[in-house]
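> Sequence below, structure please.
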Amino acid sequence: MKRNALTSIAATIGALALACAAQAAPLDNGGFSAGLSGWTTAGDVAVAQGTVFNELDIGSAPRLLLGTASSLYQDDRPAAIGHYNLSGQDAVAGGLDLEPSVNLAPGSLDDADTGSFVMEGSSASQSFSVRAGDTLHFDWQLFTREGAGGINLGDTAWLVLTTASGTQLTRLGDTASLSLLDVGQGWSASSLASQSITFSQAGSITLAWAIGDVNDHGNTSVLSIGNVSVTAVPEPASITLLLAGLAVAGLATRRRTLQA
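Take a look at the predicted model:
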């Protein structure tokens, strides 16, 4: 009986531990090891690692890449048509296509005050549940050919979060204002940056990123995203039950030892 009781307690504790572990991973395929599985995309989006376009090193781990290149037109002369397109899919038009793909009204990515208008771009998004206290982590880097011909019009990358409170647009950076390093072959790159966001309320959210070709259709830019994760806070009830189970198991073991 004692052995059966201990076995039952151990099974309960194991089930609670598994439940806590499951709650700690609400995001699907945040490391992109399964390609684009779990992600909704618009425009030119792909998962890659190593060297892309036979000239740009993005690192050894899988990265989500959002680009601005067309598969039908010559965006980066003298490179061939579609040379810097990642997926075989065209970037989508700014305004009616790009903004709605990330829960924004058409024109939301434009900045009339500075005369910056998004011509085309791409996005990727995923919806999942979080609890109060959960923290989202990801890193990002912006690569661009803007400025290769002497003109940099400021291609821009954004983070878009939709919660029960509404949609929040955050500008990650643009190619004109970021500090860029020449990485060869006509490419420049920003430093790898990390970002964390802690949620104050539980609920369903939609996480999205977008990149836009600003004021022209030429000179490709690529937003690279990686290491997306959610650090979850275990539910109080699960913690209480787990501690109670451990306490009961400890008492049962102590009694068995004394009786032996």
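> Checking my notes, residue 100 in a helix, right?
Yes - counting by DSSP: H, G, I helix; E, B strand; the rest coil, residue 100 is found in a helix.
> Pretty sure it sits against residue 106.
Yes - taking C-beta atoms under 8 Å as the definition, residue 100 is a contact partner of residue 106 at 6.8 Å. The way it works is simple: take the backbone N, C-alpha and C, and place the C-beta from them, glycine included.
> what about residue 46, how many neighbours?
22 (other C-beta atoms under 10 Å).
> can you give me the offset of the host helix or strand of it from its chain's centre?
Element membership for residue 46, per DSSP states H and E: strand 44-52. Here strand 44-52 is found 14 Å from its chain centre; the criterion is C-alpha atoms, centre = their mean, to the nearest Å.
> Could you identify the helix or strand that succeeds it?
Once the chain leaves strand 44-52, the following helix or strand, as judged by DSSP H and E, is strand 56-67.
> Which positions within that next one qualify as buried?
Residues of strand 56-67 classed as buried by neighbour count (16 or more other C-beta atoms under 10 Å): 56, 58, 62-67.
> Geometrically speaking, which residue is the centre of the protein?
Geometric centre of the chain, nearest residue: residue 228, 5.1 Å, by C-alpha atoms, centre = their mean.
> Could you report the separation of it from residue 209?
Going from residue 228 to residue 209 by C-beta to C-beta, to the nearest Å gives 10 Å.
> okay, and the common contacts of these two?
Counting by C-beta atoms under 8 Å, 6 or more residues apart in numbering, the common neighbours of residue 228 and residue 209 are residue 64.
> partners of the helix or strand harbouring residue 124, with directions?
Assigned by DSSP H and E, residue 124 belongs to strand 118-130. Note on strand 118-130: by DSSP bridges, its sheet partners are strand 40-42 (antiparallel), strand 92-93 (antiparallel), strand 203-214 (antiparallel).
> Need the winner for burial among these.
The highest mean neighbour count among those, using mean count of other C-beta atoms under 10 Å, belongs to strand 203-214: a mean of 24.
> roughly how far out does it sit from the chain middle?
The chain centre lies 9 Å from the centre of strand 203-214; the measure is C-alpha atoms, centre = their mean.
> I'd like the next helix or strand past that strand.
Once strand 203-214 ends, the next helix or strand along the chain (criterion: DSSP H and E) is strand 221-231.
> How many residues are close by residue 179?
8.
> likewise residue 165?
Neighbour number of residue 165 under other C-beta under 10 Å is 11.
> Now for the closest residue in space to it that isn't next to it in sequence, how many residues are close by?
Nearest residue to residue 165, sequence neighbours excluded (C-beta to C-beta, 6 or more residues apart in numbering): residue 201, at 7.4 Å. Other residues near residue 201 number 12, with proximity taken as other C-beta under 10 Å.
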